[in-house]
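Colleague: using only what follows, build the 3D model:
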Amino acid sequence: TVSGDTLRYDTESDAANSEIEIDDVEALRNFLRVYVDITTLRLNSSGGSVWAGDEMARIVLDYELTTVVDGECSSSCVNVFLAGVSRQMARGSKMGFHSRNWSSGAIENYYDKWAEDEGWGTPFEFSSWIYADTQAETYDDLVYLVERGVDAGFAIKTKAPRISMWFPSRRELRNAGVLTE
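Modeller: Here you go, the predicted model:
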């Protein structure tokens, strides 16, 4: 929804009950093209597609928007948030971090779908690809965090293996450079 100079992106409301998805990338771009006075993006999302979140972050960077967490911003939503030129969090809100994971069933489906195209003759060749791809993604994520002004030590903590979401305090987020105001 749009209100004045603010676009609200909310996947958590009863009406939305969704997550960050590929279709949201084009929707964000279209809103920003139509509503040229938008300067702020208010976020409330527990995350979703990593690729979609990264593309949305690229758009936010290009439009030089202020980002505000208003509710929750976790997982892939954090990359969208960090793209803001100014980054704020409404009182009572929270931001969540976790390491990436990929279920065995999803890995098996991915292998079955792409093995022939990618030339993976065995699951072991695929495993070697996963290992290299995971390292590259982790490196790229850490570089992005540091480039956005996040303390390197804090950035490393965001990649720690966890069973559940990590919700640092406002003070931790401010001290680490995640929040800029």
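Colleague: which one's the longest helix in this protein?
Modeller: Criterion DSSP state H: the longest helix present in the chain is helix 123-147.
Colleague: go through that helix and flag the buried ones.
Modeller: Across helix 123-147, burial judged by 16 or more other Cβ atoms under 10 Å covers 126, 130, 141-142, 144-145. Where C-beta positions appear, they are placed from N, C-alpha and C, glycine not excepted.
Colleague: within its sheet, name the partner strands of the longest strand along the chain and how each one runs.
Modeller: What stands out as the longest strand in the chain, according to DSSP state E, is strand 66-74. Here strand 66-74 is paired, per DSSP bridges, with strand 40-45 (parallel), strand 87-89 (parallel), strand 94-96 (parallel).
Colleague: so where is the protein shaky, pLDDT-wise?
Modeller: Scanning the chain for pLDDT under 70 picks out 14-17.
Colleague: and Asn79, how many neighbours?
Modeller: 24 (other Cβ atoms under 10 Å).
Colleague: same for the host helix or strand of it, what does it pack against?
Modeller: Asn79 belongs to helix 76-82 when assigned by DSSP states H and E. Contact partners of helix 76-82 among helices and strands, from 3 or more Cβ pairs under 8 Å, 6 or more residues apart in numbering; DSSP states H and E: strand 40-45, helix 50-63, strand 66-74, strand 94-96, helix 123-147.
Colleague: now do stretch 90-110: everything it contacts.
Modeller: Contact with stretch 90-110 is made by 46-47, 50, 68-75, 78, 81, 89, 130, 134, 137-138, 157-162, 164-168, 173, 178, as judged by Cβ atoms under 8 Å, 6 or more residues apart in numbering.
Colleague: do stretch 144-156 as well
Modeller: For stretch 144-156, using Cβ under 8 Å, 6+ apart, the contacting residues are 79, 82-83, 142, 158, 168, 172, 175-178, 180.
Colleague: is Gly149 located within a helix, as I assumed?
Modeller: No - using DSSP: H, G, I helix; E, B strand; the rest coil, the assignment for Gly149 is coil, not a helix.
Colleague: pretty sure Arg170 sits against Ala176.
Modeller: No - contact between Arg170 and Ala176 fails when scored by Cβ atoms under 8 Å: they sit 10.9 Å apart.
Colleague: name the residue closest to the centre of this structure, please.
Modeller: In the chain, the residue lying closest to the centroid (Cα atoms, centre = their mean) is Ser76, at 2.2 Å.
Colleague: residues contacting it?
Modeller: Ser76 neighbours (Cβ under 8 Å, 6+ apart): 20, 47-50, 52-54.
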